[in-house]
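Visitor: What follows is a predicted structure for the sequence shown.
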Amino acid sequence: MSTQDVFGEPVSRRAFLTGATRAGLALGALGPLAACGNNGSAAVTSSGPPRRGGRLRVGMVGGGKSESFNPSTGGNTLINLAMVSAVFEGLVRIGPDLSLQPALASDWQQNADATAWEFTLREGVTWHDGKPFTADDIIYSMHWMAQPGNGSQGSVANVDLARLKRTSATKVVIPLKKPDLQFPSAAMGVCWIVQDGAKDFTRPVGTGPFRFQSLSPGQQSVCMRNPHYWEHGKPYVDELLIESITDDTARLNALIAGQIDVMAQIPFVQAKAQQSQGQLKLITSTGTTSYMFYMRIDQPPFSDPRVRQAMRLLIDRKAMVENVLSGFGSVANDLVGMGVPYYDTSLPQRSVDIEQAKSLLAKAGHGSGLTVTLQTSPVGPGVVESATLLADQAAQAGVHINVSQVSPTAYFDPTLSYLKMPFAQSIWTGVINLNTFYPYAIQSNGGYNETHWHDPHTDALIAEATQATSDAAAATAWGAVQRQQWDEGGYVVWANVNNIDATSTRVAGITPSRFLLLGLPTGFADAYFTS
């Protein structure tokens, strides 16, 4: 099968992006970032060229023993994603405005029915050990992702690996089992390319802006500037130090004291105070991040859909946004993906209704009251606070919620607490389209099936949605998926949360992103010290 046979008349990447925008891809605000530190750099005006040198120290919520540079687990926690994105890259990257941008692939095109995609690889790229980057690395990476237990397995589930082929050193044809118009963004935009033959990632070798130097899980990681990075001139800093500082107050104090330069996830109350004080700078953008509570539908009392419906009616979302987020967000409607293509805006906004919640609970046999345990953890700003507020709100409907704190190092670790908790909380970030949530979160074989939703009908709907070859067909199928979850699902999605990080005043260059916190995946490569 030749490239010409597969593709015929190609659809260009530009046309693909135009189609994505036409489908409703919302664009976010852009702006500068700043950070601080005594790094021995000479002063430079903000209008001048980026200053080179210095050590960028970033404080993030730690992941304990689960911290790793292994790209197969890079999406489990924000700190892992930050470390992995410093060393590794994908074929494409998601820009701050959610646009699809070239990375290791300089261009891509689909065949007529979107059952095959050809990627043209960037020339002149080398791995950190000096080996040239070639199509063989892509072939290997696709098979590596497909291995059981790999966090990117879902990204290549639709790839026909047996027919995967290189047509030259810089061209790869990725055939699909079924059509997928969003394959570059939904699949390739959220996974990483590894070197041909790579198995051990304790000392990872990537193509990214930084080279691995050391990792002490639960404490810190250190990476050095890649002097041969293909994006000429970047990164600007010589060294990247990511510190595990789980406590929000400790991270903020470290930033104020000049012990770190960048703080991920500033608490919302402090963010609001900094708006007027100006002691620090904020990196803010309206993101696609969702905060939610979730219920395992395979365990009582949440196995009864009436209980799940009642839980969605007893939460006052507006009060949550005002009191927990300090206004840094907007009310959600129990669905993920507001503002991305095919999000269903026709569903009525769900609001608090205590009497209806009581009625549903009574019909489910809990008329005299219901007691449940909500497991929470300080894994993000406002998470514990929202659990406490929910307990107060639920009491009005006769629901007693015992709030139990879990260690943040265990909360998203599947070997410990994650995917085992009956009633807990989650944060979904980086949702650039519905393909990057539903196949992973509610499909029977989804790697992050928090609610334990196993329904062949849902699987069929998701397959129909992801394989649609027209906007109309995709909208219809995704609408059915969302209506089912809105009615019966195990998620209580209460807010769309702004991306907010904090820095001091001496670093510039990072663009606030709708996609991820800290301007990831390129934020660290773009950062530079102004003094």
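Guide: Cool, the structure landed.

Visitor: Need the residues that contact stretch 238-247.
Guide: Stretch 238-247 is contacted from outside by 52-64, 67, 79, 82-83, 86, 210, 218-225, 251, 254, 260, 378, 408-409, 524, using Cβ atoms under 8 Å, 6 or more residues apart in numbering. C-betas here are computed from N, CA, C, even on glycine.

Visitor: give me that answer again for 6 Å
Guide: For stretch 238-247, the external contacting residues (Cβ atoms under 6 Å, 6 or more residues apart in numbering) are 53, 55-59, 61-62, 86, 210, 218-225, 251, 408, 524.

Visitor: List only those of the residues you listed flagged as buried.
Guide: Among these, those classed as buried by 16 or more other Cβ atoms under 10 Å are 55-59, 61-62, 86, 210, 220-225, 251, 408, 524.

Visitor: and the residues you listed, which of them are in helices?
Guide: In helices, defined here by DSSP state H, the members of these are Ala86, Arg251, Pro408, Phe524.

Visitor: for the third one, what are its contacts?
Guide: Read it as Pro408. Pro408 sits next to Thr246, Ser377, Pro378, Val379 when contact means Cβ under 6 Å, 6+ apart.

Visitor: before we move on, the earlier item: strands - which of the contacts of stretch 238-247 land there?
Guide: Those of the contacts of stretch 238-247 mapping onto strands are Arg55, Leu56, Arg57, Val58, Gly59, Phe210, Gln220, Ser221, Val222, Cys223, Met224, Arg225, per DSSP state E.

Visitor: Now tabulate the residues you listed in a markdown table and tack on pLDDT and distance to Ser152.
Guide: Formatted as a markdown table, those follow (pLDDT from 0 to 100; distance: Cβ to Cβ, whole Å):
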| residue | pLDDT | distance to Ser152 |
| --- | --- | --- |
| Arg55 | 98 | 31 |
| Leu56 | 98 | 27 |
| Arg57 | 98 | 29 |
| Val58 | 98 | 24 |
| Gly59 | 97 | 27 |
| Phe210 | 98 | 21 |
| Gln220 | 97 | 26 |
| Ser221 | 98 | 21 |
| Val222 | 98 | 25 |
| Cys223 | 98 | 21 |
| Met224 | 98 | 26 |
| Arg225 | 98 | 27 |
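
Visitor: Farthest-apart pair in these, please.
Guide: Gly59 and Arg225 (20.2 Å; Cβ to Cβ).

Visitor: Is Ser221 bridged to anything, and to what?
Guide: In this entry, Ser221 is beta-bridged to Leu215, Ile242, by DSSP bridges.

Visitor: please renumber so the chain begins at 705
Guide: Will do, 705 is the new start, and the previous item becomes Ser925.

Visitor: pLDDT wise, what is Gly723 at?
Guide: On pLDDT, Gly723 comes in at 30.

Visitor: ok, now the one 5 residues further on?
Guide: On pLDDT, Gly728 comes in at 26.

Visitor: any idea which residue of this structure is furthest from its center?
Guide: Ser1072 (40.5 Å; Cα atoms, centre = their mean).

Visitor: hmm, back to that, out of the contacts of Pro1112, what pair is the most spread apart?
Guide: Greatest spatial distance among the contacts of Pro1112 (Cβ to Cβ): Thr950 and Ser1081, at 9.5 Å.

Visitor: Name the residue in these two with the higher neighbour count.
Guide: Ser1081 (23 against 20; other Cβ atoms under 10 Å).

Visitor: Can you show me the strands along the stretch 755-904 of the chain?
Guide: Here the stretch 755-904 of the chain has its strands, by DSSP state E, counting those that start in this stretch, at 759-764, 796-798, 804-806, 809-814, 820-825, 869-872, 875-879.

Visitor: what are the pairing partners of the fifth one, and which direction each?
Guide: Pointing back at strand 820-825 there. Applying DSSP bridges, one finds strand 820-825 paired with strand 809-814 (antiparallel), strand 875-879 (antiparallel).

Visitor: Residues in contact with that strand: which ones?
Guide: 710, 795, 809-814, 874-879, 887.

Visitor: cool, and stretch 903-914?
Guide: 773-774, 790-793, 829, 831-833, 837, 899, 916, 927, 930, 933, 938-939, 944, 1229.

Visitor: returning to that earlier point: now the ones in helices among the buried ones among the contacts of stretch 942-951 in TSV, with pLDDT and distance to Thr1133?
Guide: Listed next are these as TSV, based on pLDDT from 0 to 100; distance: Cβ to Cβ, whole Å:
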residue	pLDDT	distance to Thr1133
Ala790	97	17
Arg955	94	18
Pro1112	91	16
Phe1228	96	17
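
Visitor: How are the strands of the stretch 1005-1154 of the chain distributed by residue range?
Guide: Under DSSP E, counting those that start in this stretch, the stretch 1005-1154 of the chain gives strands at 1033-1035, 1074-1080, 1103-1109, 1127-1132.

Visitor: Could you report the neighbour count for Gln1188?
Guide: By other Cβ under 10 Å, 16 other residues sit near Gln1188.

Visitor: which element is it on?
Guide: According to DSSP states H and E, Gln1188 maps onto helix 1175-1192.

Visitor: If you compare the directions of the helix or strand just after that helix and strand 759-764, what angle comes out?
Guide: As assigned by DSSP H and E, the chain's next helix or strand after helix 1175-1192 is strand 1195-1207. Angle, strand 1195-1207 to strand 759-764, by axes from the mean of the first three to the mean of the last three Cα atoms, to 10 degrees: 150 degrees.

Visitor: May I see the buried residues of strand 1195-1207?
Guide: 1195-1207.

Visitor: Quick one: those as CSV, columns for pLDDT and distance to Val1087 too.
Guide: Listed next are the buried residues of strand 1195-1207 as CSV, based on pLDDT from 0 to 100; distance: Cβ to Cβ, whole Å:
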residue, pLDDT, distance to Val1087
Tyr1195, 98, 15
Val1196, 98, 14
Val1197, 98, 14
Trp1198, 98, 12
Ala1199, 97, 11
Asn1200, 95, 15
Val1201, 93, 10
Asn1202, 92, 15
Asn1203, 90, 15
Ile1204, 91, 14
Asp1205, 94, 16
Ala1206, 93, 17
Thr1207, 91, 22
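
Visitor: and which of those residues is nearest to Val1025?
Guide: Closest to Val1025, out of all of these and judged by Cβ to Cβ, is Ala1199, at 5.4 Å.

Visitor: if I read this right, the closest one contacts Asn1037, doesn't it?
Guide: No: look at Ala1199 against Asn1037 with Cβ atoms under 6 Å: they stay out of range, at 10.3 Å.
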